[in-house]
Every structure is written in structure tokens, then in C-alpha cells.
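Student: Predicted model and sequence below, questions to follow.
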4 protein chains.
Amino acid sequence: MNKKVLTGEAITISIGNLKIGTDNPPIFIAGPCSVESREQILETALRLKEVGIHILRGGVFKPRTSPYDFQGLEIEGLKYLREAGDAAGLPIITELMDEKNMNIVLEYADIIQIGSRNMYNYSLLKALGNIQKPILLKRGMSATIKEWVMAAEYIAAYGNKNIILCERGIRTFENYTRNTLDLAAVPIMKKETGLPVIVDPSHGTGIRELINPMSKAALACGADGLMIEVHPNPEKALSDGHQSLTIEQYQKLFEEIH
Amino acid sequence: MNKKVLTGEAITISIGNLKIGTDNPPIFIAGPCSVESREQILETALRLKEVGIHILRGGVFKPRTSPYDFQGLEIEGLKYLREAGDAAGLPIITELMDEKNMNIVLEYADIIQIGSRNMYNYSLLKALGNIQKPILLKRGMSATIKEWVMAAEYIAAYGNKNIILCERGIRTFENYTRNTLDLAAVPIMKKETGLPVIVDPSHGTGIRELINPMSKAALACGADGLMIEVHPNPEKALSDGHQSLTIEQYQKLFEEIH
Amino acid sequence: MNKKVLTGEAITISIGNLKIGTDNPPIFIAGPCSVESREQILETALRLKEVGIHILRGGVFKPRTSPYDFQGLEIEGLKYLREAGDAAGLPIITELMDEKNMNIVLEYADIIQIGSRNMYNYSLLKALGNIQKPILLKRGMSATIKEWVMAAEYIAAYGNKNIILCERGIRTFENYTRNTLDLAAVPIMKKETGLPVIVDPSHGTGIRELINPMSKAALACGADGLMIEVHPNPEKALSDGHQSLTIEQYQKLFEEIH
Amino acid sequence: MNKKVLTGEAITISIGNLKIGTDNPPIFIAGPCSVESREQILETALRLKEVGIHILRGGVFKPRTSPYDFQGLEIEGLKYLREAGDAAGLPIITELMDEKNMNIVLEYADIIQIGSRNMYNYSLLKALGNIQKPILLKRGMSATIKEWVMAAEYIAAYGNKNIILCERGIRTFENYTRNTLDLAAVPIMKKETGLPVIVDPSHGTGIRELINPMSKAALACGADGLMIEVHPNPEKALSDGHQSLTIEQYQKLFEEIH
């Protein structure tokens, strides 16, 4: 791989006082798949803060397979997410799908998430290279290690090395799970790029019961953090309810891995 | 699948006098992977016109895995492509990677190609739904049939049914070929959407010698056309030379399948 | 690939007067997934002979995913198959799953089929190398081209070059179809081994409606024959009914491709 | 899944005094890919016993992709392995490829390994159902969870519930690693079958440096043991040297995970 910027030397990412990367304790990102209302995200934020998480997640621009599914609350949701983060004293992360919303997301979010479907969106990656805000770059659903490394290199080559990688499972023949969580990617990506690598067992398995064991496995092989979908009432979630933990379930997991 | 616009009823796409879709003869799109110079694309256009092709292809915005590889001649290349198309009397197709170049591509190109890496770029698909220019929508490299149908539905739902689908191979464990050409997708996508489906055996195999047999197979199972990479001097091509046919090789193929 | 016997030089297989391979017309193998009764296979054989097929297929030892599913009529079924072949004047092919039934299958069948699940069964392949009866070697469900070539080389290295290869689809992420029919394997395997290559669109797609277009595609890219599941009453078939053609449907296909 | 015998209730396997399964400490199986000589396996056994392993592995019948590669020392090697196990006071495990060698392997080995290539060899699985010796059933290289469960059910249905499952990686598009280690399969298979599940990170990654982190991950998500390739001199190994640990490397790993 023809890398020029990401040499493999360890890079630590700072979000306020929080440090992410090798030699730092793992960080915990949690929150609902989608911001659904002001109340939902506020309640979730306050309760997750009490559990002890470090960063609040919530989707407001949603890349859905069907144009007829819920597409997110967009800017309104972004404001709710910010308000909830502020109320709980938590930095926030949300997904950006396109350059035209970059400025507004930059204004409100502490970390910009690039989802699996946009890992190959090189125009967007180049634009993210021109800012300094931390980027969470998810692996494309069938991206090879090399392609993922080079996607990070796109951002870094244009000037932004504040990148956190996120393994979220790859697409294989197996359909018992939603994706196949490729944990070997954790030590590989850390070695190849030096960047922090976190794991998303919610998308990586798609099955609530597997989040506990796969979280433990992720940390055991060196993951720098976990991003997990948590919803106060998964049965009523507008998206990904089946793979979301309740706050109580998340608390139990959180305690087990500390 | 929750389709509302693409019901499966046959849709014919018109490019000037050219008609693409069921009950029309197959159309032939050919040209280099990248527009490399004014001379290269002009020569290619004139010679391919003589062979008998219907549409000239050429990449000017190039989504490359590495940020350090040739990224295309961009707008300069777009103008050369238009000039070459005009000189040869051929409509032109080129890839659009982002909304910010949409207007300029709309101004110059007759068909807008959305490449594999952007099939899930729903922001871009929605923007393309607001225009009426024909879109060639390539299958994502690991897109399921359902996801590909719904990506087309994104464009159609926002108002543009001028969509041509293009099967270009999927990513599998097999690495003898660059991709695994999934020809069953041709009759399936025609039935599910009613849209014309063409095949790209160049990316679908990545091997020059396989383009001839796979082109014949594609037409035999109902493809509405073929898009093939042709370069006057593949050994010197800036991208994809190994899978490009010479003009002479393309001519021989063209004659065999007519 | 370290091939020593299969150099790529064309090999023609003879079954009585029938010749299979490059420069010979395609051969048509048809019959039910399973031999279910004496009457069923006899009726099928006689009617398919009238249609014009060359070889009768029928499974008697069935490798089923579940031990609780129908496992085939075994030796009784083998005798029925032989009787039906003789009555119709058709050579017969059936699957062998293990060495312990090799002699009885050798005694009754004209071609021995090795199914996908046994392509890596090297003990069995070596045993088949010590006989001269033609072997139909199906591709393993996720076998690479190289592994498939070397599986044929196992048989050939031990002395038997009477091998017919059969592409039957590979396992990918796509689940609209039962498998992904990899037609590029046809020209590749012919070039790499010189052996005849036939295609099984029944397992390759798992969808009745796709058998017609994929059969045409297979022949267009050079397949030396087709193996298709046909059942007088697919709705009542004990296995694979959904992908079986009726005899009338098969006749229609047969006429279209002649 | 139509399981009748493997209900999910926990099953503990006993090898002498050793117990494998839920609520027992993890077991460690180690040894060379192939038994290469009397001296090699004897030295390896004695040194690994000192490290603290529970079971000695060594291949004597080798399922190699090419018929021209080293096929194992066969019965001679089996005797060396037994002698080495006895000298070190370790039970032994080795792979069986066919029924015709079943009796000799039964006579010498304490556990019979069924490799990935034979997971679908239902004739062999049925034969193993008629004995009581423990079987280590590796997952097929592209076997779905359901197929793997049903392969175990084949053995169990015929009467033998002494089955240990082994996740060894699945075949995906990713080729940075030899296979993609699917650790989610550990909790899934334990829940679906109740059987002990061990992990083979050597084949699961094919990269020496990944064996340490993936071993830790496997234990963290509930694996009942680890099977790892260890060779006194990997550079001179006749097979799989690149993924084998030296005895010193294995000792270091062993100490870290205890």
C-alpha cells in the first residue's frame, strides 16, 4: 500500500479532555440509531451519562436502503442531539452524508461519522481532509483492508489526521448475523495506520444477545472503544430496534467490562 | 421490496434518436477508462464511430482507491470528451462523483454515470431524481439485488425514471477475475424494475480475453447493451489498461456479435 | 498452478457414441433431482428421450443438509435409474458420495457425478483416478478456480482424464438467487484444463424462471452442455421442486436453444 | 433448524480426566500442522507439555489443494504422534479424511478431527455417529451456521454426541488474512447446539502476529479452548510454516492468557 501520511506510528485523538487511541483506556460511545424526538434523545443522554459513557451518538441524516423509510430528523434532530449532549455533558457524534450539510454538522457535532455507504465517497473524504474536526470512518460493507486504509489516507493526505476507524462487520455469505464482525481488522488496522480503532457490535452482529460477548472480544483484541446502539424503548425504535440494547442492558454490559 | 415507482413495466430510455430497453436492439457503449488527452479521446471517438458504436464513454472524474493515483482530467477532460463526441457524432457518458460537479456534467454529458462506489450515495441519488437526464446506475460492488433496485427507486421516487442499470460484477471470494460477473442479475433486474440493463464485462472480469465470451453471454440472457473499455494503446493507459481492448480487438468483437 | 496432467490441451470425453468437449455440439443432461420411484424415473426418461436429451440424470444418494430430510432411494433407486436409462436408450449419470458405494455405482452408471460437497474429498478423488469411467466434477460451493482445477488434477494425476467439469454457482452475499452462477468460469476452466465444461443453471440460480436465460448465456460463452433438473410434477418433488422445470417447460427451452 | 438431538442444552466432553465445555476452564490444543518425523513430533510434544498444553495435535493425513504437495506421513506418522503423546502424557488429536482409515485412527487417536473440507462429507459423518470417540468438527470454509449445526446433528443423530466444534475462519472477499475469523460463531454455536466450541486462530488468520490478539478475543467471547499450530522451526515446516508459532512464542501467549 502506497501510504504517505499514515505510517503506522500511533496517533491519539483528543475530544476535549478525552483521549482515544493506544495506551488510553477504551472509550464508550452509545445512543440510539436515530434521534427520534427531543425527549427521546434527552432522556437517553442523561441516563447514559449516569451509566458512564464518554460520547453520545444519534443519527439525524439516515442513509436508508429504501427512500420510503424514515430518513432522519435532519437539522432539527441535530439541534436536539446537541442540546442533549450539552445537558448531559457529553460530546456528540453523528453521521454526515454529503458535503452540502458539512458546515451545519461541523457547527453542532464534536465528531463526524462517515458511514459504511460513504467510505468510497472520495469527494466527501477529500472535503473532510480540509478540516481538523475528528472523523469516525466506518469500514465499507465489503471494503478490503487495503481500501479502508486508503480511504483514511484520502482524509489524511488532504490534511486531517484526526481519524478514528470503526469496524462494523463485513458482508459475507453468512446471514444468521446481519454482518460478519471481522475482529482481526482491529489489530491489523492499528498496525497499518496507527489510528485508533473502535468496534460497533450492534451493526456487526445485528443481534442483541451477541453484543455482550462481541464487545468483550473486541476489547480483548485491542479495540480502543465500542460504539453501541442503545434505545430507551427498542420495541418502538424507528430504526434498528432489534439490535438496540435497553439502557438497563447497556448498563449491565458496561459494568461487566469495567 | 417496497417499490412505488418502478413497477416492472418496461421503460424505454431515449438518447436523441437512440432507444434503449426491451424490444430495441442492444446498444454499444465504448471508450477509454479515462480521458487522458484531447488527442487520445478524439482518435478513439472517430475510430469507434467507424466500428459502429452508439455512445462514447470516458472517465474524467476518477474514483481511485489511492489518493496518489491519477484522479482524472476533470473539467478539462469533460470538454475534450464533448468535443470528441461532437466530432464523431456520438452521445457521451461520463461518471459524476458528487453534487458539486453536477451542473457542469449536466451541461456537457448526455448520460450521467453513477459508479459502483456511489450506488449507496443517497444524497447524490436524490439530487439526480430532480433532473431528467438519463442516469446509468452501476451496481455497487457488493450490492444485493434489493439494494440496487432501491437505489434506482431513490432516483425514480424523486422524479427521474430515465435510468439505465449496469451490471459490472460483484465482489466474491474468487480472485482469478477482478469481480464475479453476475449475469442472472440481467433478467432479474429487468423483471423487478422494467428498466434497461446493460453489462460491463471489462470491470466484470478484469481480463481482456474474457470480454468476448462474456459479452456474448450477456446478450444471450437479455442484456440491452454492453459497455466496454477500449483504448488505442492499452499498454500505455493511465488506468485499467490490462482490461481494455484495442480498437482492433473491439472491432472483431463488434462484428462477431452483430 | 502446478498442473502436470491437465495442460489445457483440449480433451474430448466419449460416452458410447456421444462426444463431449470443444468442437462438439453441446450435450443435454436432464432429469429429476432425486429418483423417487420406478414409475417417476421411467416416465421422465421416456419423455425426455422424446424431447431429445442425451443423458439422463437422477440422484439416488442424496447429500442433504439435514439428516432428517429424504436421503435418496440408494441402491434401489440406482437400479430404477439404470432400467429407465435402458428403456429410453439413454446413458445415465448419478452422484457418488463415498468410496464404499463406488463399485455398485460403477456397475450401473455411465458417468459418476461428484457433487459440490465432495469436491474437496481428496480420498474419493484419488479413488476415482484409478478408474476410467467418466467423472462429472462439480465446483465446490465456494471453491476458487485454482482449487477446482487442482481437484480435477487429483483425479487426472492418479490416472483418469475422463473428466467433465460442471459450474453450478458459487456462494456469495447475494441471496435473491440460491447461488451466483459464475459463467466466466466456463472459458477460464476450458483454457486452464482443456476439459469440457457444462453448466447447471438449476442449482446455479435456484429459480425456475432464470433457467431459460442462463442456459442461453451458458451456451453463448462456450459451455459444452447443460445439466437441468426436470420433474414430471415439480410441486410434488421430494427435493428441489422449486427449481425444477416441468417436462413441457424443458421441451420449450430445448427447442429455443436448438 | 430441525434439530432433534442437539437441543442447546450444555454438553461436556471428557477426554480422560480432561473436561471440555461450558463451566470448565479453556483447553489448549497445540502442535505442528504436520507430523514430519519421529524426532520433530517427540520434541514438540515434550516441550509443549512443559508449557502446559492439554492435547497434542499433528496432521498425518493431509488434505492438500495440490496432489503434488506433501500428503502427510499417514500411518507411520500416526504411530509417531501416539508415541509422542504417550511420552509427554498428552492425549492426541489428528485428522481423518475417509472411512477406510477410520479404524486405524480410532485405534491410535483420542480425538478425531474432521477438517473443513470434509464438513459436508455426510457419509463420513454418519460413520462417526456410530462410534463414541470424541469428534472435533471444524466449520466448512464457507459453511453457514445452519449447515454447521446440521453437520453436527448428522453425527449426533446417528448416536455420537461427543462433538467439539471448531471455528477456523470463513472464506470472504478479504484476502489480507487467509480466512475471516467469525468469532460471533462461538456464542451462536454454543447456544444452538450446547456443544463446546473452540477456536483455531492459526487457520482463522494465517498470520503469526494475529494469533495472540485473536486468541484473547476468542476466550473473551466464550470459546472453550484454542487450537494453535506450533512448530519447533516454522521456517522449515513442510506445511503452514508462516502461520505457526515457535514454541517460545506459544509459551509467551500461553502465559499471557492464563
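Tutor: Structure received. Residues are numbered from 1 along each chain as shown, chains lettered A, B, ... in the order given.
Student: Just give the closest residue to A:R57, not the sequence neighbours.
Tutor: Leaving out its chain neighbours, the residue that sits closest to A:R57 by CB to CB, 6 or more residues apart in numbering or on different chains is A:G31, at 3.8 Å. To be clear about C-beta, it is placed using only N, CA and C from the backbone, and glycine gets the same treatment.
Student: quick one: contacts for the one you found?
Tutor: By CB atoms under 8 Å, 6 or more residues apart in numbering or on different chains, the residues touching A:G31 are A:41, A:44-45, A:48, A:56-58, A:229-230.
Student: Distance of it relative to B:A143?
Tutor: Counting by CB to CB, to the nearest Å, the separation of A:G31 from B:A143 is 28 Å.
Student: quick one, phi/psi of A:I93?
Tutor: When read as degrees, to the nearest 10, the backbone of A:I93 gives phi -130, psi 140.
Student: A:G8: neighbouring residues, count only.
Tutor: Using other CB atoms under 10 Å in any protein chain shown, A:G8 is surrounded by 12 other residues.
Student: so what's the residue nearest to it when sequence neighbours are not counted scoring on pLDDT?
Tutor: Closest residue to A:G8 apart from its sequence neighbours, by CB to CB, 6+ apart: A:G194 at 4.9 Å. pLDDT for A:G194: 98.
Student: correct me, but A:G194 touches A:T12?
Tutor: No - if you go by CB atoms under 8 Å, A:G194 and A:T12 don't touch, sitting 9.5 Å apart.
Student: Next one: A:V51 from chain C, what distance?
Tutor: According to CB to the nearest CB, to the nearest Å, A:V51 stands 35 Å off from chain C.
Student: For A:K190, grab phi and psi.
Tutor: Main-chain torsions, A:K190, degrees, to the nearest 10: phi -60, psi -40.
Student: ugh, wrong one, A:R38
Tutor: phi -60, psi -40.
Student: Does it touch A:Y80 like I think?
Tutor: Yes - the criterion here is CB under 8 Å, and A:R38 meets it with A:Y80 at 4.6 Å.
Student: Those two: which is more packed in?
Tutor: A:Y80 (22 against 16).
Student: tell me which element that one is part of?
Tutor: helix A:74-88 (DSSP states H and E).
Student: Any residue of that helix touching chain B?
Tutor: No - Helix A:74-88 lies out of reach of chain B by CB under 8 Å from any CB of the partner chain, never closer than 11.4 Å.
Student: CA atoms only for that helix - export them in PDB, please.
Tutor: The C-alpha trace of helix A:74-88 is given here as PDB (Å, rounded to 0.1, in the frame of the first residue of the first chain):
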ATOM      1  CA  GLU A  74     -32.100  16.200   9.800                       C
ATOM      2  CA  ILE A  75     -31.200  19.600  11.100                       C
ATOM      3  CA  GLU A  76     -33.900  19.700  13.700                       C
ATOM      4  CA  GLY A  77     -32.600  16.400  15.100                       C
ATOM      5  CA  LEU A  78     -29.000  17.700  15.000                       C
ATOM      6  CA  LYS A  79     -30.100  20.500  17.300                       C
ATOM      7  CA  TYR A  80     -31.800  18.100  19.700                       C
ATOM      8  CA  LEU A  81     -28.700  16.000  19.800                       C
ATOM      9  CA  ARG A  82     -26.500  19.000  20.600                       C
ATOM     10  CA  GLU A  83     -28.900  20.100  23.300                       C
ATOM     11  CA  ALA A  84     -28.900  16.500  24.800                       C
ATOM     12  CA  GLY A  85     -25.200  16.300  24.700                       C
ATOM     13  CA  ASP A  86     -24.900  19.700  26.400                       C
ATOM     14  CA  ALA A  87     -27.400  18.800  29.000                       C
ATOM     15  CA  ALA A  88     -25.600  15.600  29.900                       C
END
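Student: and that helix, average pLDDT?
Tutor: The pLDDT scores in helix A:74-88 average 98.
Student: Need the residues that contact it.
Tutor: Helix A:74-88 has contacts (CB under 8 Å, 6+ apart) with A:34-35, A:37-38, A:41-42, A:44-46, A:48-49, A:56, A:58-61, A:73, A:90-92, A:94, A:101, A:104-105, A:108-110.
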